[in-house]
Structure formats: C-alpha cells, structure tokens
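Novice: Sequence first, predicted model second:
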Amino acid sequence: MSETAQTMPTRSYLNHPKGLWTWLSTLDHKRIGLMYLYLIMTAFFAGGMLALLVRFELLTPGRELMGADMYNKMFTLHGAIMIFLFIIPSIPAALGNIIMPLMIGARDVAFPKLNLTSWYLYVIGALFMLFSIITGAVDTGWTFYTPYSTSTSTAVISTAFGVFILGFSSIFTGLNFIVTIHKLRAPGMTWFKMPLFVWALYATAILQVLATPVLGITLVLLMAERFAGIGIFDPAMGGDPVLFQHFFWFYSHPAVYIMILPGMGIISEIIAIFSHKKIFGYRAIAYSSLGIAFVSFLVWGHHMFVSGQSELAAGIFSFLTFFVGIPSGIKIFNWLATMYKGQILLKAPMLYAISFLILFSIGGFTGIVLGTLSVDVHLHDTYFVVSHFHYVMMGGTVMALLGGLHLWWPKIWGRMYNERLAAIAAVFVFVGFNVTFFTQFFLGTQGMPRRYYTYLEQYQPLHAMSTHGSWLMAIGFFIMGFYLIHAIFKGKPAGPNPWGALTLEWTTASPPPTENFDKQPLAEHGPYDYDKVVAKPTA
Amino acid sequence: MSNSTDHEHPKHLQHHFTTSEQQQDSAKFGTWLFLLTEILLFGGLFCAYAIYRAWNPELFHNAHVHLNTPLGATNTVVLITSSLTMALSIRAMQLGNKKQTLTFLWCTLALAGAFLVIKYFEYSHKIHLGQLPGKWYTYNGIEGTNPHVFFSIYFLMTGLHGIHVLGGMAVISWMIYRTNRNEFSPAYYTPIEMTGLYWHLVDLIWIFLFPLFYLIG
Amino acid sequence: MSSHSETHQRHILPLGLYLNVFVALLTFTAITVWVSYMDFGVFNLLVAMTVAVVKASLVAMYFMHLRYDNKLYTISFLLSIFLLGVFIILTLFDTLRRDDIYDIKGGTIKPNAAMYDNRPPVDTTGEASAGN
C-alpha cells in the first residue's frame, strides 16, 4: 500500500510554539481540541472506574465493598461524570474542534477566543463537580429528580452549579460551530459538498444552542429551591415536582441526540473510506441529521410516562417518539447500502463502525420498545432502560468515538498505531460490552429495578455475568490505552493520508501545521468521490 | 492565507477571516445565536409562569394588584426609549458621528440605570411588606392558597431580567470607553451593533413581562 | 474591493423610521395599559399578548434590523420561539389535564380473572373486612 516510508514534519501544531503556557493560552482549534481530549479521556477513565466499582458491588445481593448510601453516590457520580464531563463534550469538543475546521478548509473556528473560553468553562465546571465529590458527593442519580434533590443533605448545589457552567461550555462550542460552518467553508464547498461529519456537528450544534439553556434555567430553579425555598417544586407550597422533570427532560432528551449525532457523522466518514465507495444517500443522511435534531425536541415526556403526568400528554409523547426512530433508521440503511459491493477494509476504525451498526441498532430498537407507553409501564426504571441507554450511548457514541479516534489518530499525532493490538482490543470491548449489557435486558424484563443497591437472589446469576462482562471491557480499554499512547511516541510516521481518503483534512501534513494548510484549499471534488478521484494511501 | 488583492489590512480584521465582511457577518450571526440561548433561558421561566397561572388564575389576579402598574408602565417606557437611543447610537456611528454615538450611549446607560432605580423602589416596597418568594413570604393581604407562588415567579423573572440589565449596563459602559478611544468608524462598529442586539432583547423580554405581571385583566 | 464590501451591507435607516417605530411602541404600550383596566375576561390575556407580540415584532424588525438583514437571522429567531411554544404547550397538555384520570371509570375486575390464579380474589366492594 505505501511506497516509501513517511517522515514526520519537523514543525507542526504539536511542537510549535513550545511551552505549557502557549497551550493554556492557545487560540488554535487543534490545541484546544487536544486539551479537551485529555480531559475527556480522564473523565472517561474516572467514570469507567466508578462503573467497575458499581458493577463489582452488584456481584452479589450482599455488601461487597460499600454500603447503600455510598452505592447511591457511586452510580450518581458515574452517570454525572460520564454524561456531563465525558459523552456530551466528547466528539464535538475534542474531535470536532481538531478536525472540523480542517475538513472545511478553514484556518480556525469563527471565534477562537470563545473556543478557549469554552475549554476553561469546562475546566471550571469540572472543578465544581470535583469539589462536590470531595464535600460529600450527590446521591440523587444524575437526573436530580425533586423532591429528593431539594431535600437531600448531599452536595446538590455545587454539582448543579458545576453542570450549569459545563452547559455554557457546550452552548458556546455549539454557537462557534454553527457560525464556522456557515461562514468559513473553503471556496467551492457548497452545503452539499460538506463531509457528513460536518452536517452532523451542525445539527448537534443547533441542539447545543437551543436545548442547553433550558437545562441552565432548570438548574437555577433547583438551586433557588434548595437555597431560597421558593417552593416551585414543592407540593406543600403549591409547587409541582413533576414540573422539574418536564424542565429537565426538555434539555436532556435533545442531549442524547447531542451525544449520538456526532457519532453518526463519524460513522459516515469511516464507512465511506473503508468501503472505498461513495456514500449512498448523501442528502438523506444530511437531512436526517436535521430531522433528528428537530424531532428530538418533541418527545421529552417519554421519560415521564409513569411520573404522574396526564394520560393525554403521555399518549402524545409516545406517538411522537415513534417518529424519532425514522431518521436513524434511514441512516442505518444508507450505511449498509454504502458497504454493499464496496471494497471493505477491516481496519480498526471499520471494526468500530460495524460494532456501531449492530449495537446502535439494538439500542435504537429497544428505544422504540420503551417509547411504547403501555410496555414502558412495565419496563420503566428497570434494567431494561439501563441496557437500552448503554447500547445507544456506549454501543453507539463510544464506539463511534473510538472509531473516530482510530481514524484520526494518525492525523492528530502523525503516527500509526499497532493494527493487531487494535483488533484485539476491539474484540474485547465488543464481547465485553455485550456480555455486560445484553444480560441486563433480561434483568429488566424480569423486573430488576435500576439504581438498587441490593436485589432478590433470583437475579444474582445475570448480575454476576454482567459484572464479568465489565472486566472484559476493561481489559479491552487498557490494551487500547497502551497502544494508542505508545503510538504517539513510537508509531510509524503516517504521512498526510494513510487511508487514501478524500476529505480536506487528509490533504495537509500529519500532524498539521499551526495554520492548517500551506495555501487555501479549494473544494474541487465531493468528499466521497471515490469513483472519480484517486488518493493514494501514504501508510 | 492572505487576501489576494488587499494590501491594506484593517486593524480589526482577525487572521482566520478573509474579509472584513465575513468577520462582521459572523459576529452578527454569533450574537443572534447567543440571543436565542437567552430566549430559551427566559423561556423556561415563561413556561413556569404559564403553568402556575393556569393553575392559580384567581391568585394571580389577586396578587397582581399589589404591583405598582404606573411604575411598571414607566419602566416599560424607559426601556423602549433606551432601545431607541441604543439604535440611534449605532446609526450615529454608521454616519461617523462619534460625539452623537457617545451621547446616545450615555442616554441608554442612564435610562438603564433609571430602570434599575425604579425596580429598586418596587423591590424594597415588597420586601418591606413581606411579599417575598417562597418560604420568605409573610404578607397577609392576598386571598388564595399559596400566595407566595406569584411572588416566587415574579422575583425570579424580574430578578433574572434585572441581572441582564446590569450586565447590559456593563457592556454599554465598555462600548462608551472604546468609542471614546476611537476604536470605531463607519467601516467597523460591530461591537456596538452586537451590544445593541443584546440590549433590544432585554427590552423584548420586558415587553412580555410587563403585561404578564402588571396587566392581568 | 474591501471598500465595496464594507459599505454594501450597511443599510442606514432614516431617522424618521426609528422615531415612528418609537411612537408606535409608546402608543401600543398606552393601549395595552388602557385595555387592562377593562374586563374582557379571557380576552384580556389574548389582547395583552397580541399587543406584546406586535411591539416585539416592531423592535425585532426595525431596531434589531431583522427586516433588512439576512433571512437566516429571522428564521433562527422564529425557530427558537417555535420551540419555546412547543415546550409550553406540551407541558400544559400535562399540567392542565392531570385531573382527567378522576373522570375515568373502569369496570369491576371479574372474579375469575387470570391475575387471581394463585391468590384469592381481592374484595373490591368493601364489604369483607380489610387486611389479609
């Protein structure tokens, strides 16, 4: 595949300018994205460790490591860290920041200073959450439902405030991306010549800008309730605790699409490249991203079917929920059609893309199951829900994130990783994931409630199996961490385009120079014109 | 990456933009997006208002008579006028008239201050009477269960709005400072324009707050 | 080239237009205050909100230049209002119809219902003594 060995560029955004302060004061989107990546992977590690502890505690109904109160704090922290510090920022803030401007042939995002501000807001939000952990943590579950969250003595206010700050980080990133995509595309890059990852980030950014402020006001109300007793969620004072849920889920449902849409964008990129084929149904995929974003605002009440909301509202939300699966289904079919008769290359990114197709489909189907009101009455707050969202969030977004990391690792660092270790890690992660979570569908249908510290003896075999699965996954991630970090220092130089791909980021050096391109690139062909254009892989 | 024809490089042009127009359009669009987030932020409170008013129509009516409608109407006029002066300050800079720009900016600032002064009088009257949010409520003269509900929402919404007025005053002051230092011209006055958009939004929110709290039939 | 782009989009509105909008805003404010002192029942809210929307539109279209700017800004603005509307309306579908359940009357459960297969029927008529 490669003719001559590549060499590393002497000067790139990584080594020039030098010095920690040049990083902390950088306005370069690639450096900002990389700094996000470090923090996000740290959060993933912390959240992952918490997951292992939670699963370990569930090995038997009795006490393994901790008491019930500590258990409540553990799963709350696992959820809060994974959602607010890892998964929501992960693809947009890390990969999106590094890659998107390169993909559209821009020099940077529209507002570089705002970008750095977003990063610092992330840091500050994370520090507040760290502070809350130290001062006793939170035991409400990541959803902070009232009335427990307004009355528990744990550190709700500092956690809520941390999340509030993190929300602004997300909003500003979204704002930045929308303007960047509108205004800074290369000459010739019309909307329908943009890579699908950019479409995905655009739809995500719309959600970030429009949905997150409602989370902001929700947290303000929660803090006001706790701090000043305004009574808005307290029935004794004429308030309504279910109102909190409406407020919370109006953001948090679109939030799950903030999590998955960028991942879907990555899958489009990977499948086109590693099928060496034009994406099937480009416009359908692009429009479906916007469709998902739009419909996602209409369905939040499906998290509240048994909360006490009116039957009328529940029925309406259930009806609308069925629509939200349609655009996702369109994407899956288009991806499969792309792969059909393609020259499939089973490199690591493609292994993760295929995992995504299988696992996200399972997650998506079970979402429709849960969206069916009558069925949800039985399944709400059981392990079925836990399994569903892990299938979409981990089997979906995390697999896509891993695929993206493996796809763009050579671009970011200029070096290739060990393909064999990557395949081994992928197998451990895939198998481990399914052992951990497929069992949980059965736990759920058999009635095992979520967030429970202990359980009836009859559930123990499945719980044990799930815990063992978590160990397999952990092994996979440790192998992955090892070879990815090793690659940074010792990997084979990748050259500009190790995969023979056609989007603009592959036309510049790996790693890129600070100014991204030596001269302004033009969008001369479409991003997936494998039938018309040949680009030889450089690694 | 450089402009192919341009050798004069305007001072305000940032390096990742190719033309001044691209930069200014981006700034304007970015500002609008920020305003959308404010609409959704306040929107949550409007939703809470709608719900609680729908549940307690008589309470809202009984409670609202204790608000000072003349003062509220005055504040409405104050903010509308401040929107005018803000728009005129931008127009003045479009025409290159620095002195007029400054005059109108100062007027806007003064009117904003007047708004807050009037609110101060309204708030202190309520504090004095015990018409306070939630558990702090001690006033006796309003019929209906949970009369504090009205005041909880009133203080939350007007309070958040007041904070935004204060923030607006800070930004307007900064614009006065920068205008003074000749940073703006007919070719470049984007920051004042952005400030203006924000300030008009503050006015917009009050345009809805006023009838919803002070003019309940 | 750059001097062209600098002036082309800066459409300067005539002073008279700003003043007219200002007077209109004051007039509508007066109207809405005046109407509030009369009792039109539920229409008071409708009138007040209509006037508010008119005033807001004037501020948005003229003071904020939406009428003369890129349509993208108007579309974005309306989109946010639409979503806010969805939020309020769907939530009201819940809060205003919570009491529907009290109007629902089901039939009695048949004594030979499958749910009683392993247990005796529950007395729903209240005649037998409570507590098993």
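Specialist: Sure thing, it's come through. Since the structure is predicted, the reported quantities are computational estimates derived from the model, not experimental observations. Numbers count the residues shown, from 1 in each chain, chains lettered A, B, ... in the order given.

Novice: number of nearby residues for A:K278?
Specialist: Around A:K278 there are 17 other residues, counting by other C-beta atoms under 10 Å in any protein chain shown. Using the backbone N, CA and C atoms, a C-beta is placed for each residue, glycine as well.

Novice: three-state assignment of it?
Specialist: Assigned by DSSP: H, G, I helix; E, B strand; the rest coil, the conformation of A:K278 is coil.

Novice: Skip the chain neighbours and tell me the closest residue to it.
Specialist: Leaving out its chain neighbours, the residue that sits closest to A:K278 by C-beta to C-beta, 6 or more residues apart in numbering or on different chains is A:Y528, at 4.6 Å.

Novice: I'd guess that neighbour is in a strand, am I close?
Specialist: No: with three-state DSSP as the criterion, A:Y528 is coil rather than part of a strand.

Novice: quick one: it and A:I271 touch, right?
Specialist: No: with contact defined as C-beta atoms under 8 Å, A:Y528 does not count as touching A:I271 (9.7 Å).

Novice: what touches both of these two?
Specialist: Among the neighbours of A:Y528, those also in contact with A:I271 (C-beta atoms under 8 Å, 6 or more residues apart in numbering or on different chains) are A:I279.

Novice: Mind pulling up the pLDDT for residue 22?
Specialist: As the question left the chain open, I've gone with chain A. A:T22 carries a pLDDT score of 97 in this model.

Novice: Correction: the question concerned chain C.
Specialist: pLDDT for C:F22: 97.

Novice: Please list all residues in contact with it.
Specialist: By C-beta under 8 Å, 6+ apart, the contact list for C:F22 reads B:I80, B:T81, B:L84.

Novice: do A:M339 as well
Specialist: Each residue near A:M339 by C-beta under 8 Å, 6+ apart is listed here: A:I271, A:S275, A:K277.

Novice: roughly how far apart are it and chain C?
Specialist: A:M339 sits 35 Å away from chain C, taking C-beta to the nearest C-beta, to the nearest Å as the criterion.

Novice: Equivalent analysis for A:A286, please.
Specialist: From A:A286 to chain C the distance is 18 Å (C-beta to the nearest C-beta).

Novice: and that residue, how many residues sit next to it?
Specialist: Neighbouring residues of A:A286 were enumerated by other C-beta under 10 Å; the total is 22.

Novice: That one contacts A:W199, doesn't it?
Specialist: Yes: at 4.4 Å, A:A286 counts as touching A:W199 under the criterion of C-beta under 8 Å.

Novice: which strands and helices sit next to the longest helix along chain C?
Specialist: In chain C, ranked by residue count with DSSP state H as the criterion, the top helix is helix C:71-95. Using 3 or more C-beta pairs under 8 Å, 6 or more residues apart in numbering or on different chains; DSSP states H and E, the elements in contact with helix C:71-95 are helix A:196-228, helix A:241-275, helix A:311-339, helix B:20-55.

Novice: can you do 10 Å?
Specialist: For helix C:71-95, the packing partners by 3 or more C-beta pairs under 10 Å, 6 or more residues apart in numbering or on different chains; DSSP states H and E come out as helix A:196-228, helix A:241-275, helix A:282-295, helix A:311-339, helix B:20-55.

Novice: The second one: how far from the chain's middle?
Specialist: Translated: helix A:241-275. 7 Å (C-alpha atoms, centre = their mean, to the nearest Å).

Novice: now the angle from it to helix B:20-55?
Specialist: 140 degrees (axes from the mean of the first three to the mean of the last three C-alpha atoms, to 10 degrees).

Novice: which parts of helix A:241-275 are buried?
Specialist: By neighbour count on 16 or more other C-beta atoms under 10 Å in any protein chain shown, the buried set for helix A:241-275 is A:241-275.

Novice: Return only those of those residues found close to chain C.
Specialist: Restricting those to those within reach of chain C (C-beta under 10 Å from any C-beta of the partner chain) leaves A:V242, A:L243, A:Q245, A:H246, A:F247, A:F250, A:P254.

Novice: mind checking pLDDT for the residue nearest to A:F274 when sequence neighbours are not counted?
Specialist: Once flanking residues are discounted, A:F274 sits nearest to A:M350: 3.9 Å by C-beta to C-beta, 6+ apart. According to the prediction, A:M350 has pLDDT 98.

Novice: Quickly note the distance from A:M350 to A:Q458.
Specialist: 41 Å (C-beta to C-beta, to the nearest Å).

Novice: When the two are compared, which one has more neighbours?
Specialist: Set side by side, A:M350 and A:Q458 show more neighbours around A:M350, with 21 against 11, by other C-beta under 10 Å.

Novice: Would you confirm that that one contacts A:I344?
Specialist: Yes: A:M350 is within contact range of A:I344, at 7.0 Å (criterion: C-beta atoms under 10 Å).

Novice: hey, what's in contact with both of the two?
Specialist: Contact criterion C-beta atoms under 10 Å, 6 or more residues apart in numbering or on different chains; residues bridging A:M350 and A:I344 by contacting each: A:I271, A:F274, A:S275.

Novice: pLDDT for these - can I get that in a markdown table?
Specialist: Below are the shared contacts of A:M350 and A:I344 laid out as a markdown table (pLDDT from 0 to 100):
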| residue | pLDDT |
| --- | --- |
| A:I271 | 98 |
| A:F274 | 97 |
| A:S275 | 97 |
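
Novice: I'd like the average pLDDT over stretch B:201-217.
Specialist: When pLDDT is averaged along stretch B:201-217, the result is 94.

Novice: OK, contacts around A:L196?
Specialist: Contacts for A:L196 (C-beta under 10 Å, 6+ apart) come out as A:264-269, A:271-272, A:279, A:282, A:285-286, A:289, A:331, A:334, A:503, A:527-528.

Novice: go again using 7 Å as the cut-off
Specialist: Residues in contact with A:L196 (C-beta atoms under 7 Å, 6 or more residues apart in numbering or on different chains) are A:G265, A:S268, A:E269, A:I279, A:I285, A:A286.

Novice: Farthest pair within these?
Specialist: The distance between the two most remote of those (C-beta to C-beta) is 13.1 Å, for A:E269 and A:A286.

Novice: do you know how far B:F34 is from chain C?
Specialist: Where chain C is concerned, B:F34 sits at a distance of 11 Å (C-beta to the nearest C-beta).

Novice: burial measure for A:F192, as a count.
Specialist: Applying other C-beta under 10 Å, I find that A:F192 has 11 neighbouring residues.

Novice: State the distance from it to A:Y122.
Specialist: A:F192 is 33 Å from A:Y122, by C-beta to C-beta.

Novice: for B:H66, same thing?
Specialist: 44 Å.

Novice: quick one: which of these two has more around it?
Specialist: Using other C-beta under 10 Å as the criterion, B:H66 and A:Y122 rank with A:Y122 on top: 26 against 17.

Novice: mind checking which helix or strand the more buried one is in?
Specialist: For A:Y122, the host element (DSSP states H and E) is helix A:112-134.

Novice: Show me which positions of whichever helix or strand comes after that helix end up buried.
Specialist: Where DSSP H and E defines the elements, the next helix or strand beyond helix A:112-134 is helix A:148-151. By 16+ other C-beta under 10 Å, the buried positions in helix A:148-151 come out as A:S149, A:T150.

Novice: Likewise for stretch A:13-31?
Specialist: Using 16+ other C-beta under 10 Å as the test for burial, stretch A:13-31 gives A:Y13, A:L14, A:T26, A:L27, A:D28, A:H29, A:K30, A:R31.
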